[in-house]
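Participant: Take this sequence and fold it.
(one chain, ligands or ions: 1)
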Amino acid sequence: MRQLPEGVQHGYPLARLTTIRTGGPAELFARPGTLGELERLVGWAAAEGLEVGVVGSGSNLLVADAGVPGLIIKLDKELSTIELEGTGIRCGGGARLPAVSARAAQAGLAGIEFGVNIPGTVGGAIRMNANAYGGELAQVLEWVDVTGAAGTERRAPNQLGFAYRRSALGSGEVVARASFSLHEAASEAVKATLADMRARRKAAQPSGIKTFGSTFKNPDDARAENRTAGQLLDAAGCRGLRIGGAGFSAKHANFVENHGDATTADVVAVMAEGRRRVLEQFGIVLEPEVQALGPVELPADWNRR
Ligand SMILES: Cc1cc2nc3c(=O)[nH]c(=O)nc-3n(C[C@H](O)[C@H](O)[C@H](O)COP(=O)(O)OP(=O)(O)OC[C@H]3O[C@@H](n4cnc5c(N)ncnc54)[C@H](O)[C@@H]3O)c2cc1C
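Facilitator: Predicted coordinates for the structure are as follows:
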């Protein structure tokens with residue numbers, strides 16, 4: 001058996017680190033708390049020929065039932081801090097985005113209000129190019145420190161290849177830190193915007209359920225006639241559709257919910273059925289937004305990107 005660096009654990013359960021709460025364990029797992037620790041771990045994994053994966057808040061993740069080979073990293077301590085610097089805010093990749101938005105509002109800084117409803121980390125949001133209510137990460141992102149096998153390098157937003165719910169970060173690359181450039185505003189006004197965004201979200205989406213949010217991306221297809229993925233799934237009769245322990249939410253047809261004992265295979269079966277129905281009724285191919293970690297078995301005709 002290989003010699004493990006300090007802090008690396010075998011067979012660590014990942015389901016509880018995801019919001020849908022499904023999937024098996026990581027072969028190896030570690031929580032680096034400093035940039036040095038992260039660099040050493042990623043370098044060690046490369047030397048051992050191990051793949052590196054990252055879990056942020058697990059709010060857009062589907063973990064394979066069979067578990068995930070290689071080293072899974074969750075950023076901790078110094079790599080999840082939030083620090084103000086003038087009108088900038090410097091964050092660890094593991095900092096939670098709603099906390100960044102709240103901290104900015106408290107300090108009278110505007111520009112990152114949209115993060116209040118994205119239940120992910122800064123690193124996950126950068127990987128996913130997360131956005132909400134028209135707010136865009138790229139508009140306020142100043143730089144990102146990315147750690148890979150060769151060390152850490154600073155990248156500008158135009159080097160990150162942002163597209164709809166996508167970035168060009170390589171697999172095994174970890175967002176260790178990021179800086180946002182904001183602007184001064186009255187703290188009370190920014191806080192009021194956050195409260196308004198929270199209330200709008202609460203009215204529109206189910207809360208308190210085990211889900212990874214939107215399952216499919218909104219299609220860029222004229223046949224959709226500007227309908228969202230949720231509206232198409234709803235029209236195809238998917239609202240509330242259940243397979244095993246998983247089903248499309250009764251409140252939001254593009255949300256898959258774990259009713260308590262779902263496996264990742266159940267979630268995939270629900271997704272496949274929704275996708276099949278939309279394809280059959282509208283000729284539109286829905287593309288998943290959720291990210292797979294490990295060997296998640298998708299139907300053979302599933303053209304994932
Ligand atoms: C209720 C709900 C509402 C949501 N609303 C929105 C919304 O309005 N807008 C939106 O865009 N998304 C939304 N999401 C989806 C999700 O919150 C975002 O995609 C978020 O950015 C994911 O961040 P995370 O830290 O949870 O990433 P995870 O789910 O942990 O991981 C997602 C991907 O990012 C990678 N990753 C995570 N951390 C890092 C890192 N430090 N470095 C490199 N890669 C990393 C993972 O390996 C994986 O590939 C919602 C989800 C839920 C559950």
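Participant: CA only for contacts and neighbour counts going forward, please
Facilitator: Fine.
Participant: All the helices of the stretch 51-200 of the chain, in order from the start?
Facilitator: Taking DSSP state H, counting those that start in this stretch as the criterion, the stretch 51-200 of the chain carries its helices at 97-106, 122-128, 137-140, 187-204.
Participant: can I see the domain layout of this protein?
Facilitator: What automatic domain parsing lists as the domains of the chain is 9-77, 79-204, 222-293.
Participant: Compile the ones you listed into TSV and extend it with columns for mean pLDDT, mean neighbour count and distance to the ligand.
Facilitator: Output for the domains of the chain, formatted as TSV (pLDDT from 0 to 100; neighbours: other C-alpha atoms under 10 Å; distance: least, C-alpha to the nearest ligand atom, whole Å):
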stretch	mean pLDDT	mean neighbour count	distance to the ligand
domain 9-77	98	20	3
domain 79-204	95	19	3
domain 222-293	95	19	5
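Participant: Of all these, which one is nearest residue 215?
Facilitator: domain 222-293 (5.5 Å; C-alpha to C-alpha).
Participant: which residues sit in contact with the most centrally placed residue in the chain?
Facilitator: Geometric centre of the chain, nearest residue: residue 60, 3.9 Å, by C-alpha atoms, centre = their mean. Going by C-alpha atoms under 8 Å, 6 or more residues apart in numbering, residue 60 touches 18-19, 212-213, 289-291.
Participant: Over to residue 111?
Facilitator: So residue 111 contacts 135, 140, 182-183 (C-alpha under 8 Å, 6+ apart).
Participant: Among these, which ones are in strands?
Facilitator: 135, 183 (DSSP state E).
Participant: What is the nearest of the contacts of residue 111 to residue 94?
Facilitator: Using C-alpha to C-alpha, the shortest approach to residue 94 within the contacts of residue 111 belongs to residue 140, at 17.8 Å.
Participant: Okay, that closest one and residue 41: tell me how far apart.
Facilitator: In this view, residue 140 and residue 41 are 30 Å apart by C-alpha to C-alpha, to the nearest Å.
Participant: What of residue 103?
Facilitator: Counting by C-alpha to C-alpha, the gap from residue 103 to residue 41 is 30 Å.
Participant: ok, now which ones touch residue 82?
Facilitator: By C-alpha under 8 Å, 6+ apart, the neighbours of residue 82 are 89-92, 95, 100.
Participant: for stretch 159-169, the distance to its chain's centre please.
Facilitator: On the basis of C-alpha atoms, centre = their mean, to the nearest Å, stretch 159-169 sits 13 Å off its chain's mean C-alpha point.
Participant: Give me the residues contacting that stretch.
Facilitator: Under C-alpha under 8 Å, 6+ apart, the answer for stretch 159-169 is 126-130, 138, 217, 289.
Participant: picking up where we left off before, okay if I get the helices of the stretch 51-200 of the chain as CSV plus distance to residue 222?
Facilitator: Putting these into CSV (distance: least, C-alpha to C-alpha, whole Å) gives the following:
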stretch, distance to residue 222
helix 97-106, 33
helix 122-128, 24
helix 137-140, 27
helix 187-204, 25
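Participant: Identify whichever of those lies nearest to residue 238.
Facilitator: Closest to residue 238 of these is helix 187-204 (C-alpha to C-alpha; 17.6 Å).
Participant: I'd like the next helix or strand past that closest one.
Facilitator: Using DSSP states H and E, the helix or strand that directly follows helix 187-204 along the chain is helix 229-235.
Participant: Whatever helix or strand comes next after that following helix pairs with which strands?
Facilitator: Once the chain leaves helix 229-235, the next helix or strand it forms, by DSSP H and E, is strand 242-243. The pairing partners recorded for strand 242-243 under DSSP bridges are strand 246-248 (antiparallel).
Participant: And the strand it pairs with, how far out from the chain middle?
Facilitator: Counting by C-alpha atoms, centre = their mean, strand 246-248 is centred 19 Å from the centre of its parent chain.
Participant: Show me what secondary structure element comes after it.
Facilitator: Proceeding N to C from strand 246-248, the next assigned helix or strand is strand 256-258, under DSSP H and E.
Participant: just checking, what packs against that following strand?
Facilitator: strand 246-248, helix 264-282 (3 or more C-alpha pairs under 8 Å, 6 or more residues apart in numbering; DSSP states H and E).
Participant: ok, now which ones touch the closest residue to residue 89 other than its chain neighbours?
Facilitator: Counting by C-alpha to C-alpha, 6 or more residues apart in numbering, residue 89 lies nearest to residue 180, which is 5.2 Å off, once chain neighbours are set aside. By C-alpha under 8 Å, 6+ apart, the residues touching residue 180 are 88-90, 140-143.
Participant: ok, what's across the strand from residue 180?
Facilitator: residue 89, residue 141.
Participant: Can you tell me how far it is from residue 93?
Facilitator: Residue 180 is 12 Å from residue 93, by C-alpha to C-alpha.
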